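J.: 3D model of this:
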Amino acid sequence: MVSTEIGQDHYKTVINLGSHQIIADEPASLGGTDLGPDPNSLLLASVGACVAITLRMYADRKEWDLQGVKVELNLRRGDTETIIERRLITSGDLDETQLARLQKIASKCPVSKMITGNVRIVSI
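T.: Numbering: from 1, shown residues only. Alright, predicted model coming up:
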């Protein structure tokens, strides 16, 4: 379970994730105190972490020489859609076929699939 709490500090929000705790906030330009990442950045961080872990697991199973992967993400909002731009930067001895496969696998991480699928949020 994840829980969030906000008090009087604009807009410092404490996020409790089991035994972990992080702070979310808004930048000063939006009235926050910039004590942590904003919610959109946290969403991108979740996608990036999931992609990186998924690629690491896949490369390990295939015994590929993936030395490291960096996932760069940017959020663009338009009038009719929101686009997450994703760039993979890999290191290791990988051929073009392996690199192309990693690009495909990146879209299959569970968080990416969840946010691009049919997700509903319900109050309980």
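J.: so which bits of stretch 79-87 are buried?
T.: Taking 16 or more other C-beta atoms under 10 Å as the basis for neighbour counts, the residues of stretch 79-87 that come out buried are Ile84, Arg86. (C-beta placed from N, C-alpha, C; glycine too.)
J.: for stretch 107-116, same thing?
T.: So stretch 107-116, judged by 16+ other C-beta under 10 Å, has buried residues Cys109, Val111, Ser112.
J.: return the residues in contact with the first one.
T.: Looking back up the chat, that one is Cys109. With contacts taken as C-beta atoms under 8 Å, 6 or more residues apart in numbering, Cys109 has the following neighbours: Val47, Cys50, Val51, Ile53, Thr54.
J.: okay, those in JSON lines with pLDDT next?
T.: Formatted as JSON lines, the entries for those read as follows, by pLDDT from 0 to 100:
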{"residue": "Val47", "pLDDT": "98"}
{"residue": "Cys50", "pLDDT": "98"}
{"residue": "Val51", "pLDDT": "98"}
{"residue": "Ile53", "pLDDT": "98"}
{"residue": "Thr54", "pLDDT": "98"}
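J.: what residues are up against Val2?
T.: Taking C-beta under 8 Å, 6+ apart as the criterion, Val2 is in contact with Ile15, Asn16, Leu17.
J.: coming back round to it: could you export the buried residues of stretch 107-116 as CSV, including pLDDT and distance to Tyr58?
T.: Conversion of those to CSV gives the following (pLDDT from 0 to 100; distance: C-beta to C-beta, whole Å):
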residue, pLDDT, distance to Tyr58
Cys109, 96, 10
Val111, 97, 15
Ser112, 95, 14
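J.: in the chain, which spans are strands?
T.: Taking DSSP state E as the test, the strands found in the chain are 2-6, 13-17, 20-24, 65-77, 82-93.
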